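[1] here are the coordinates; sequence isn't available:
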Ligand SMILES: [Fe+2]
């Protein structure tokens, strides 16, 4: 499996991961044989790249949330965001139900690690970001041993943490230039706006509403809007803060490309104790594979390999498939190594997104 830029797509290539539309339906299901109109549609939608099957790894990545639960929640959230923008009311009970289903589903799939390096257009950022932050928050909450009732609040609050963004002028949000201090101040109003919408307009718990209010507070008191510190910040909001930042880092933005998971983990670790609560970060990172399935790594042997399977209990020693020899030449044969059983072979470092893209371009896609 590899990520292929839209400009490099050819008819006949096989889709390796289902691409979802912004209403939660499958735009291009897995195993679709790409046609010229499909490629045209992707270009029109402004999608940057998709996952294509190649002759190396066909990682069958299991998802932590079942597709039906995700699709229903996506649809409900999409309707809610549209209604809010149109100054109509939101069916909060449906969203509460979706958030509870998310908690149940993730609880059942505890043996899996999330793979969130999904691809979408920036216009849908708020929507995809909200769902992914909810998933990451719930996983972290489970690791921290939060009670069931707390988990439902955590899921709903994380899902709606950026709801205040709806009221911020889109011209500021889509601005690709450096923001002026006034524009920054405008954007920084979104936690309080979100809190007011949820607290005054709907029957949601104070906890869920405070996640929206406090998700930009920092552990050392340097955050906004109130400069709360340490335990003054609700634990749920401390969790959502880490999930929010991590997901923003691994996502493409108009002003910069996405970082890989391993790069994001390093950034989160650096901000621990200043931006983030160390206990929350520890719980969060126990849910993030340092080398996720589909990512590329450099081995101590000098070979480059792609990760095909991660064991949640031993995430540092995944099963890998060799891609390049020591001279950087693409191998002709498939060769898999289970690092749990080969202590002399180890991962030296993950490849950066740019390095992975360069290698990906040289691997032959699988045509039908
Ligand atoms: Fe935010």
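    Structure received. Since the structure is predicted, the reported quantities are computational estimates derived from the model, not experimental observations. Residues are numbered from 1 along each chain as shown.
[2] list the helices and strands the helix or strand hosting residue 40 packs on?
    Secondary structure from DSSP states H and E places residue 40 in helix 36-45. With contacts defined as 3 or more C-beta pairs under 8 Å, 6 or more residues apart in numbering; DSSP states H and E, helix 36-45 has these neighbours: strand 26-28. (Each C-beta comes from the backbone N, C-alpha and C, glycine too.)
[3] Now the strand it packs on: average pLDDT?
    Averaged across strand 26-28, pLDDT comes to 79.
[4] avg pLDDT for the next helix or strand after the helix holding residue 40?
    Next helix or strand after helix 36-45 toward the C-terminus (DSSP H and E): strand 49-52. The average pLDDT within strand 49-52 is 78.
[5] tell me what the next helix or strand along the chain from strand 49-52 is packed against?
    Toward the C-terminus, strand 49-52 is succeeded by helix 67-85 as the next helix or strand (DSSP H and E). Here helix 67-85 is seen to pack against helix 92-108, helix 125-143 when contacts are counted using 3+ C-beta pairs under 8 Å, 6+ apart.
[6] Relative to residue 155, how far out is residue 148?
    11 Å (C-beta to C-beta, to the nearest Å).
[7] Have a look at the two and say which one is more surrounded.
    When residue 148 and residue 155 are compared for neighbours, residue 155 comes out ahead with 29 against 10, by other C-beta atoms under 10 Å.
[8] For this protein, just list every one of the strands.
    Secondary structure of the chain (DSSP state E): strands at 2-5, 19-20, 26-28, 49-52, 296-299, 304-309, 319-324, 336-338, 347-350.
[9] Residues in contact with both of residue 148 and residue 155, list them for me.
    residue 103 (C-beta atoms under 8 Å, 6 or more residues apart in numbering).
[10] gap between residue 89 and residue 83?
    On the measure of C-beta to C-beta, residue 89 and residue 83 end up 7 Å apart.
[11] How about residue 110?
    Computed with C-beta to C-beta, the distance linking residue 110 and residue 83 is 34 Å.
[12] give me the number of residues near the nearest residue to residue 161 once chain neighbours are set aside?
    Distance criterion C-beta to C-beta, 6 or more residues apart in numbering; nearest residue to residue 161, sequence neighbours excluded, is residue 215 at 4.7 Å. Residue 215: 29 surrounding residues under other C-beta under 10 Å.
[13] For residue 215, give me the backbone phi and psi.
    phi -70, psi -10 (degrees, to the nearest 10).
[14] pLDDT score for the residue in the chain sticking out farthest from the centre?
    What lies farthest from the middle of the chain is residue 327; by C-alpha atoms, centre = their mean that is 33.4 Å. According to the prediction, residue 327 has pLDDT 89.
[15] Next: residue 240.
    On the pLDDT scale, residue 240 is placed at 98.
[16] any idea how far it is from residue 230?
    From residue 240 to residue 230 the distance is 16 Å (C-beta to C-beta).
[17] how near is residue 150 to residue 52?
    Using C-beta to C-beta, residue 150 is found at 41 Å from residue 52.
[18] Neighbour count for those two, which is higher?
    Neighbour count, other C-beta under 10 Å: between residue 150 and residue 52, residue 52 has more, with 22 against 17.
[19] gap between the more buried one and residue 299?
    From residue 52 across to residue 299, the span is 24 Å (C-beta to C-beta).
[20] got it, and residue 336?
    Remark: distance between residue 336 and residue 299 (C-beta to C-beta) = 13 Å.
[21] repeat for residue 10
    For residue 10, the distance to residue 299 - C-beta to C-beta - is 31 Å.
[22] Please say which of those two ends up with more neighbours.
    Each of residue 10 and residue 299 has its neighbours counted (other C-beta under 10 Å); residue 299 has more, 19 against 12.
[23] show me the contacts for that one.
    Going by C-beta under 8 Å, 6+ apart, residue 299 touches 305, 320, 345, 346, 347, 348.
[24] next one: residue 204
    Taking C-beta under 8 Å, 6+ apart as the criterion, residue 204 is in contact with 92, 96, 156, 157, 160, 198.
[25] Return the closest of these with respect to residue 103.
    Lowest distance from residue 103 to the contacts of residue 204 (C-beta to C-beta) belongs to residue 156, with 9.5 Å.
[26] Show the pLDDT at the closest one.
    96.
[27] Would you confirm that it contacts residue 94?
    No. Look at residue 156 against residue 94 with C-beta atoms under 8 Å: they stay out of range, at 11.2 Å.
[28] For the two, indicate the residue with more neighbours.
    Using other C-beta under 10 Å as the criterion, residue 156 and residue 94 rank with residue 156 on top: 27 against 16.
[29] Please tell me how far the closest residue to the more buried one other than its chain neighbours sits from residue 72.
    In this structure, residue 156 finds its nearest non-sequential neighbour in residue 99, 4.2 Å apart by C-beta to C-beta, 6+ apart. According to C-beta to C-beta, residue 99 and residue 72 sit 11 Å apart.
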